[in-house]
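K.L.:
Sequence first, predicted model second:
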Amino acid sequence: MATVSRSRAAPDTPGRGARTALRLVLPAAAAMLGVAAVLWVVYEPSHVNYDARYALLWARDLWDGARPDYTAAFAPTPHPLSTAVSSLALPFGHDGDRLITAIVLLSFGLLGWLVLRLGAQLFSPLVGAVAALTVVTRPVLQRDALLAYQDVPFAALVVGAVLLEARRSRRGAPVLALLTLAGLLRPEAWVLAGLYLLYLWPEASPRARAGLTALVAFAPVLWAVTDWLVTGDLLHSLHGTAALAEEAGRRRHIDQVPYWTAQYFGYTLREPLVLGVPLGLAFAWLYRRRRSALPIAVVVAMTAVFAIGPLFGLPLIGRYVRTPAVLLTLFYGLAVAGWLLLAPGAARRRWMAVGVAAAGLSVVFLPRHLEMLQGLERRIAADGELYADLRRVADSPAVREALAACGALTTSDHRPVPHLRWWLDGGPHAVRTIAGGANPMSGVFLTPREVPLTTRFYRRNFPAATAPSSYRRLYVNASWRVDAAPRCVRRPRA
């Protein structure tokens with residue numbers, strides 16, 4: 001009787017698929033939770049950035065049936081996915097921003113894991129490990145995560161898409177699905193999706209082309225439709241971003257592109273990588289050209305989008321090159337550990353020396369790196385104290401009564417506006433700013449006190465406006481003061 005091998009005869013056990021899924025998911029979950037927990041414990045983040053606060057406000061406005069104030073003075077660019085995710089935080093009230101911070105910190109941990117897997121897929125596990133360690137220890141990237149910038153989950157989505165494509169060429173819809181989500185956070189993903197569609201086009205059937213084209217179009221169309229529904233302008237995000245850049249005096253001239261592109265990459269990666277990445281690129285060109293083509297193509301495409309932004313009035317902002325900078329860490333990993341990919345011989349020995357030198361750069365820079373991390377910790381703590389004082393302003397019964405009496409509060413500078421409106425539970429335009437003549441002064445006026453905490457925060461842009469002499473001092477704490485017109489102050493009863 002013929003025998004059947006055990007491997008063929010044994011049926012798949014019911015738990016085998018689950019165990020395989022766990023082996024894939026658990027490392028990613030561990031990285032996400034581990035990185036997020038360490039950053040939360042070390043830095044104790046207590047506030048979110050300006051854009052994230054507006055996303056929370058706009059989510060609340062939509063659920064309240066109000067029209068979000070996309071056109072308010074100094075309002076940031078609305079990002080549809082940020083607003084949608086912010087809805088998850090609304091049941092937590094004023095502390096909902098802590099959930100948003102947690103989500104972004106988990107995204108940062110996921111980003112590190114994805115970089116590790118991408119490096120392992122393209123080169124070797126050690127290259128991926130070096131790149132991932134580099135990513136999660138960059139002070140600038142940690143700051144972005146701690147302040148809940150949408151650029152962190154955006155980078156995770158883009159790197160995830162690159163990883164899917166690296167695992168199987170012309171993967172198609174799964175890659176475009178991640179780029180579609182990324183495209184609801186930042187428009188650079190539209191360009192990546194469009195270029196990827198062109199790459200898929202020759203080998204796709206007519207039916208597949210229609211579906212892929214719909215995926216590519218989804219993010220920009222949805223973004224334009226939401227802009228139109230709120231403002232009546234399909235291109236509000238483009239026009240608003242350009243206008244805000246002009247109002248805020250940001251860099252947005254084409255002749256500034258070369259210098260600031262280099263500066264922003266250097267500021268993100270820091271000195272060891274500025275020297276090490278070119279070594280890794282040289283190694284890639286000599287020995288791993290084909291494997292390096294995918295991440296390099298993404299870096300070039302995203303950097304080109306950044307560079308041409310000023311032609312459309314868009315600003316040059318460092319966060320716009322964070323994702324290509326993350327991908328460049330792969331080549332620092334290649335500079336450090338690429339020699340292990342070579343056969344024994346003179347070339348391997350030469351590149352081993354290069355790897356030792358590249359790793360030594362980080363060792364030499366370590367004291368400065370630790371100093372920068374300590375500076376980040378002090379900055380997060382100081383800004384947290386400033387925003388805690390601002391929240392005390394919003395919690396003041398006197399301020400709330402004056403706001404109810406006069407209907408609006410104005411600030412001398414735009415930065416407190418979304419935070420105050422969030423904590424005051426105010427609707428659209430309940431808190432405005434007089435900065436740049438954007439709005440007239442209302443009967444309730446907030447300005448920072450000139451103390452070390454606020455002067456460090458504002459640096460050279462400390463708002464100098466003061467309330468009219470007829471206004472009365474309504475509230476004051478360590479960082480802020482509020483003055484009110486007599487008509488807004490409730491008179492004590494006899």
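P.N.:
Yep, that arrived.

K.L.:
Residue 447 - that's part of a helix, no?
P.N.:
No. Under the criterion used here (DSSP: H, G, I helix; E, B strand; the rest coil), residue 447 is strand, not part of a helix.

K.L.:
For the residue nearest to it when sequence neighbours are not counted, which residues are in contact?
P.N.:
In this structure, residue 447 finds its nearest non-sequential neighbour in residue 412, 4.0 Å apart by CB to CB, 6 or more residues apart in numbering. All C-beta atoms are positioned from the backbone trio N, CA, C, and that covers glycine. Residues in contact with residue 412 (CB atoms under 8 Å, 6 or more residues apart in numbering) are 433, 434, 435, 445, 446, 447, 448, 463, 464, 465.

K.L.:
Roughly how far does residue 412 sit from residue 395?
P.N.:
20 Å (CB to CB, to the nearest Å).

K.L.:
now swap in residue 389 and tell me
P.N.:
Using CB to CB, one obtains 11 Å as the distance from residue 389 to residue 395.

K.L.:
neighbour-wise, which of the two wins?
P.N.:
Neighbours of residue 389 and residue 395, each counted by other CB atoms under 10 Å, are more numerous for residue 389; the result is 18 against 12.

K.L.:
so which strand or helix has the more buried one?
P.N.:
According to DSSP states H and E, residue 389 maps onto helix 346-395.

K.L.:
Could you tell me the angle between the helix or strand just after that helix and helix 346-395?
P.N.:
Next along the chain after helix 346-395, taking DSSP H and E as the criterion, comes helix 397-406. Angle of helix 397-406 versus helix 346-395, following axes from the mean of the first three to the mean of the last three CA atoms, to 10 degrees, is 70 degrees.

K.L.:
what does the helix or strand just after helix 397-406 rub up against?
P.N.:
Heading C-terminal from helix 397-406, the first helix or strand you meet, by DSSP H and E, is strand 409-411. Contacts to strand 409-411, defined as CB under 8 Å, 6+ apart, come from residues 399, 403, 417, 420, 424, 426, 430-435, 439-442, 444-447, 482.

K.L.:
Strand 409-411 pairs with which strands, parallel or anti?
P.N.:
Strand 409-411 pairs in its sheet with strand 431-433 (parallel), strand 444-448 (parallel), by DSSP bridges.

K.L.:
Need those strands in a markdown table (columns: mean neighbour count and mean pLDDT).
P.N.:
Converted to a markdown table, these look like this (neighbours: other CB atoms under 10 Å; pLDDT from 0 to 100):
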| stretch | mean neighbour count | mean pLDDT |
| --- | --- | --- |
| strand 431-433 | 25 | 95 |
| strand 444-448 | 25 | 96 |
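
K.L.:
Chain neighbours aside, what residue packs nearest to the residue nearest to the spatial centre of the chain?
P.N.:
In the chain, the residue lying closest to the centroid (CA atoms, centre = their mean) is residue 151, at 2.1 Å. Sequence neighbours aside, residue 319 is the residue nearest to residue 151 in space, at 4.7 Å (criterion: CB to CB, 6+ apart).
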